[in-house]
Every structure is written in C-alpha cells, then in structure tokens.
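[1] take this sequence and fold it.
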Amino acid sequence: MTSPKVAAIVLNYNGKALTLAAVASLKQMAYPAFDILVVDNGSADGSYEAVAAVHPDVTQVRTEQNLGVAGGYNLGISWALARDYEFILILNNDIEVDPAMLDELVKVAERDPRIGAVGPKAYYFWDRDRLWSAGGIIRFKESVTRERGDGEVDRGQYDRDQEMAYVNGNGMLMRRDAVLAAGLWDPLFYLAVEDADWCMRAKRQGYRTWFAHRAVLYHMVSRATGVYKPARTYHTGRSTALFVRRYGGPWQWLTFVIFVCLALPAAYVREWRKGNQAAVGSKLRGIIAGLRAPLTPPPPAPTRAS
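    Residues are numbered from 1 along each chain as shown. Now for the predicted structure:
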C-alpha cells in the first residue's frame, strides 16, 4: 500500500542552531513519504540562510515579521493544503525525533478516519527516561492545559494508545480533512493554547485526538527553569482567559475563577523565593487582557482559489 504523504513543518524564530538540529533529526525518520518545510517566522539571526546552506533540499517559507505560533504554522499548513498532503506534522524546533516516530503516528491515525490529530510520547531531551508528555489534558483552571505524566520516570505506565483531550503542538500530526473542517490555527492565541483550541474545534467537527505511545519525541525544555517567565506567562494568562470565554460553561467559569484566586497568590509566594514574582503579575495582566480582548471567530481553511 502507498504511504500517505506527510508535510513535516518546523517553526523557527531566531533559533538557528535548534532548527538545523531539528531538520537533521527529521531527515533520519524512516517514513517513506514525507517532505520537510521550515517556516521562518521573521528571524533576524541568519536562520534562513543557514538552513539553505546546510539543508539545500529543504523547502522554506519566510515572513518578514513574527506572526506568533499560530500565524507561523498557518503559513506552513496553507502550503501543505495547497499541495494535497494527506497529513501535516506540526513541530517546534527544539525537538529531536525517534526515527520511527512518524511511522507510529501515521499507524494510529490510519486506524480511524475520524482521528483528526495524533501526538507522540515526549521525553525531556536532557533526561531521556523522564516524561514531558504522555498525552494532553484540558482543564478550566489557572492554566488550560496539562501534560499527562510530566516529570515522571517512564516505567510503561502510559504504554497504551488512547484518545486524549488534546495534542500538544510541540509535535502534532493533523489529518488534512480535519484541518479543512476545523480551519486554521487561531492567531487570537498568539503564544499559548492555540493547539488546544484547534483540537477543540476539530472535536466539534466530529474528529478525535489521540496519543500514540510508540511514537517518541525529545523536547529541549529545562525541568528546572521551565517556561514560567514574564514574557511567557502573560500570553499563557491571556490565552487561558480567551479559551474559557470560547468554551466554558457556568461550571467551567466557576472553576476558572476559583483556581485563579487560589493559584496566583500561591504562585507569588513560590516565585518570590526565586526572585521571579514578576512572572505572576505578568500572568494576572494577561488574564485581564484576555477577558477584555475581542473574541473574533477562528480562521477557516483556505480554499484553492485563495
């Protein structure tokens, strides 16, 4: 049987070394029918030129300004849709993939045409027995998403393919038909929760999101410092508020308010000891901004005419 054609899209913003390493890793994948596209999201560090020099066989698209995660990925998704790829593999650039990862993702996706997205088992790059994510969980708390198994040593406790609430955009295989039905990623979520939002919209169109335990990815995130920093927490707070506004019912709103009131003071005490209390204030400002921002409709998938 002919393998479905896959477009592997790597998003880069001023991450030259990471992107070069990610592309080199992807080239080792055993899957027989995939192409790599690097989306350069307004980089100013010579990334575009470096990728062209080291990987001249890799296609790139470039934007002159940073469009955010959703905007950058949408360039790649639109490129793939226009070329009739059956699946689109969304990837951050701070990753390394197992050579069999794409084979395993496609195997799970091919079990059921209503599986709209599949994600791998992700480990910490610097601690390869320790899980970063074994599937995504959505909750209406101070943060919308949580990665199942984060920080746990992998002892096989999640060695089962199964449906999950969402797939993390660090590595997400999307079915073409699901994208056409649910639309593009929403730039309203500039830097966080855009993956969970897309999964929710795909589910509303009858698609499902799955975890493939034999597909393996390594994520270059630090367990010590993580991403709890002012520039990031602002967008996390803003996107969380937008997500609750779009999908929350009365009970979800009550849960969200209670957890914000409890979690932010506790986080302030925790981060004050680290000298990082500004990150908590930044998150509160983001939540307020998300509650005030216009809630515009998500973008549809492009037509061939567009």
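
[2] check contacts around residue 231.
    Residue 231 makes contact with residue 282 under the criterion C-beta atoms under 8 Å, 6 or more residues apart in numbering. C-beta: built from backbone N, CA, C; applies to glycine.

[3] low pLDDT regions in this protein?
    222-227, 304-306 (pLDDT under 70).

[4] helices of that one, start to end?
    16-26, 47-54, 68-82, 101-109, 176-182, 194-204, 230-247, 250-272, 278-292 (DSSP state H).

[5] other residues contacting the shortest one?
    Meaning helix 176-182. Applying C-beta under 8 Å, 6+ apart, the set of residues contacting helix 176-182 is 77, 80-81, 84-88, 113, 116-117, 198, 201-202, 204-207, 301.

[6] thinking again about what came up before, adding distance to residue 213, write the helices of the chain out as JSON lines.
    Converted to JSON lines, these look like this (distance: least, C-beta to C-beta, whole Å):
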{"stretch": "helix 16-26", "distance to residue 213": "20"}
{"stretch": "helix 47-54", "distance to residue 213": "32"}
{"stretch": "helix 68-82", "distance to residue 213": "25"}
{"stretch": "helix 101-109", "distance to residue 213": "8"}
{"stretch": "helix 176-182", "distance to residue 213": "21"}
{"stretch": "helix 194-204", "distance to residue 213": "18"}
{"stretch": "helix 230-247", "distance to residue 213": "27"}
{"stretch": "helix 250-272", "distance to residue 213": "29"}
{"stretch": "helix 278-292", "distance to residue 213": "32"}
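
[7] burial count for the residue nearest to residue 192 when sequence neighbours are not counted?
    When the adjacent residues along the chain are set aside, residue 192 lies closest to residue 239, with 4.2 Å between them (C-beta to C-beta, 6 or more residues apart in numbering). Counted with other C-beta atoms under 10 Å, residues neighbouring residue 239 total 27.

[8] wait, residue 239 touches residue 290, no?
    Yes. Taking C-beta atoms under 8 Å as the definition, residue 239 is a contact partner of residue 290 at 6.5 Å.

[9] any idea how far residue 57 is from the residue nearest to residue 192?
    36 Å (C-beta to C-beta, to the nearest Å).

[10] which residue is nearest the middle of this protein?
    residue 169 (1.3 Å; C-alpha atoms, centre = their mean).

[11] now do the contacts for it.
    69, 73, 90, 92, 194, 195.

[12] which residues does residue 9 bridge with?
    Note on residue 9: beta-bridge partners by DSSP bridges are residue 37, residue 90.

[13] against residue 40, how distant is it?
    Residue 9 is 12 Å from residue 40, by C-beta to C-beta.

[14] contact partners for residue 69?
    Taking C-beta under 8 Å, 6+ apart, one finds 11, 169, 185, 189, 190, 191, 192, 194 in contact with residue 69.

[15] any idea which of those is closest to residue 49?
    residue 11 (17.5 Å; C-beta to C-beta).

[16] residues contacting the residue nearest to residue 253 when sequence neighbours are not counted?
    Spatial nearest neighbour of residue 253, excluding adjacent residues (C-beta to C-beta, 6+ apart): residue 244 at 6.5 Å. Listed by C-beta under 8 Å, 6+ apart, the contact set of residue 244 reads 140, 144, 252, 253, 256.

[17] with residue 28 instead?
    In this structure, residue 28 makes contact with 97, 99, judged by C-beta under 8 Å, 6+ apart.

[18] got the phi/psi numbers for it?
    Dihedral pair for residue 28: phi -90, psi 0, per degrees, to the nearest 10.

[19] so how far is residue 274 from it?
    For residue 28 relative to residue 274 (C-beta to C-beta), the value is 38 Å.

[20] before we move on, what about residue 14?
    Distance, residue 14 to residue 274, using C-beta to C-beta: 26 Å.

[21] can you pick out the residue with more neighbours from the two?
    Per other C-beta under 10 Å, whichever of residue 14 and residue 274 has more neighbours is residue 14, with 15 against 10.

[22] any idea how far residue 13 is from the residue lying closest to residue 178 once chain neighbours are set aside?
    Sequence neighbours aside, residue 116 is the residue nearest to residue 178 in space, at 3.2 Å (criterion: C-beta to C-beta, 6+ apart). Remark: distance between residue 116 and residue 13 (C-beta to C-beta) = 27 Å.

[23] neighbour-wise, which of those two wins?
    Between residue 116 and residue 13, counted using other C-beta under 10 Å, residue 116 has the larger neighbour count: 28 against 20.
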